[in-house]
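Colleague: Mind looking at a prediction? Sequence and model below.
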Amino acid sequence: MDWQAWHDEYDDPGSRLTQQLRVVRQRIRRALDACPPGPLRLVNLSGPGP
C-alpha cells in the first residue's frame, strides 16, 4: 500500500479521513476534559487501516 498517498487524503478538508479525524479529536478532547485532575496515560490502539 502507498502510505504517502493514503495520508494525502488528510489534506482534503472534505475527505472521509479528514472528517473522521475531526470526530476522533473531538471525542478525545471531551473525554480528556471529563477526566479528574492529575496524570493521565493514553494508549493508541489504532492500526494502519484497511
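Modeller: Thanks, I have it. Please read all numbers here as calculations on a predicted model, not as lab measurements.
Colleague: Sketch out the helices for the protein, chain order is fine.
Modeller: Taking DSSP state H to define them, one finds helices in the chain at 3-8, 16-33.
Colleague: mean pLDDT for those: which is lowest?
Modeller: Among those, helix 3-8 has the lowest mean pLDDT, at a mean of 80.
Colleague: Restricting to C-alpha, output it in PDB.
Modeller: Listed next in PDB are the C-alpha coordinates belonging to helix 3-8 (Å, rounded to 0.1, in the frame of the first residue of the first chain):
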ATOM      1  CA  TRP A   3       1.000   5.100   2.700                       C
ATOM      2  CA  GLN A   4       2.000   8.500   1.400                       C
ATOM      3  CA  ALA A   5      -0.900   8.600  -1.000                       C
ATOM      4  CA  TRP A   6      -3.200   7.300   1.800                       C
ATOM      5  CA  HIS A   7      -2.200  10.100   4.100                       C
ATOM      6  CA  ASP A   8      -2.600  12.700   1.300                       C
END
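Colleague: how distant is it from the center of its chain?
Modeller: 15 Å (C-alpha atoms, centre = their mean, to the nearest Å).
Colleague: coming back round to it: quick one: the helices of the chain as CSV, columns for mean neighbour count too.
Modeller: Just so you know, the C-beta spots here come from the backbone N, C-alpha and C atoms, and that holds for glycine as well. Converted to CSV, the helices of the chain look like this (neighbours: other C-beta atoms under 10 Å):
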stretch, mean neighbour count
helix 3-8, 10
helix 16-33, 11
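Colleague: Thanks again, I'm all set now.
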